[in-house]
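sharing a model prediction with you, sequence too.
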Amino acid sequence: MRRLRAVVLVTGCGLLAGCTTHGLPEAATTQAEHAASMWRITLAAAAVVGSVTLALILYSVVRFRRRDDSLPDQRNSHLVLEVVCTAIPVAIVAGLFAYTVSTENKVNALARDPDLVIDVVGYQWGWKFSYRADGPLDDDIPADAPTISFG
């Protein structure tokens with residue numbers, strides 16, 4: 001009974017410690033909210049998978065512990081169990097992949113008429129940012145600097 005109380009107390013403290021925004025600051029844009037939502041869903045999926053895995057390990061340890069010197073049942077395979085144990089992780093990964101692609105498409109979507117346009121030039125050891133409202137890019141980048149233009 002004492003151990004059960006200790007387990008409940010430790011588990012409760014661990015669960016209550018997670019009652020925050022999971023280390024994320026408050027989202028300032030819709031893109032940040034989409035990314036935070038993806039983080040929360042992925043974290044929840046990881047918690048569920050971890051909890052189920054831990055429960056199955058503990059069940060196996062208790063249920064199949066050695067009680068005498070007899071050998072356990074010797075089987076070559078269990079097809080249904082093998083298929084289920086392969087299909088569930090594949091389904092989880094496929095679901096998370098689809099959700100990630102959907103979120104990335106929302107985050108990376110370009111507006112037809114953006115409020116702000118920034119020209120960015122990357123050169124060795126630095127970046128140059130110019131706002132379109134200020135006019136075109138000026139040529140104060142060293143002439144021998146290799147450049148890559150975005151925008």
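That came through fine.

please, where are all the helices along this structure?
Using DSSP state H, the helices assigned to the chain run over residues 2-17, 30-63, 79-108.

from the chain's centre, how far out does the longest one sit?
Meaning helix 30-63. 10 Å (CA atoms, centre = their mean, to the nearest Å).

next, the angle helix 79-108 makes with that helix.
Our comparison of helix 30-63 with helix 79-108, counting by axes from the mean of the first three to the mean of the last three CA atoms, to 10 degrees, yields an angle of 160 degrees.

can you tell me which of the helices of the chain the model trusts least?
Between those, the one with the least mean pLDDT is helix 2-17; it has a mean of 80.

what separates Leu79 from Cys85, distance-wise?
11 Å (CB to CB, to the nearest Å). (C-beta placed from N, C-alpha, C; glycine too.)

compare these two (neighbour count), which wins?
Neighbours were tallied for Leu79 and for Cys85 using other CB atoms under 10 Å; the higher tally belongs to Cys85 (10 against 7).

quick one, what contacts the more buried one?
Remark: with contacts taken as CB atoms under 8 Å, 6 or more residues apart in numbering, Cys85 is in contact with nothing.

again, only this time at 10 Å
With contacts defined as CB atoms under 10 Å, 6 or more residues apart in numbering, the neighbours of Cys85 are His78.

any idea how far it lies from Thr53?
To Thr53, Cys85 is 11 Å away according to CB to CB.

how many neighbours does Trp127 have?
The number of residues packed near Trp127 is 9, by other CB under 10 Å.

identify the residue spatially nearest to it, adjacent ones excluded.
Across the structure, with CB to CB, 6 or more residues apart in numbering as the measure, the residue nearest Trp127 apart from its sequence neighbours is Val120 (6.4 Å).
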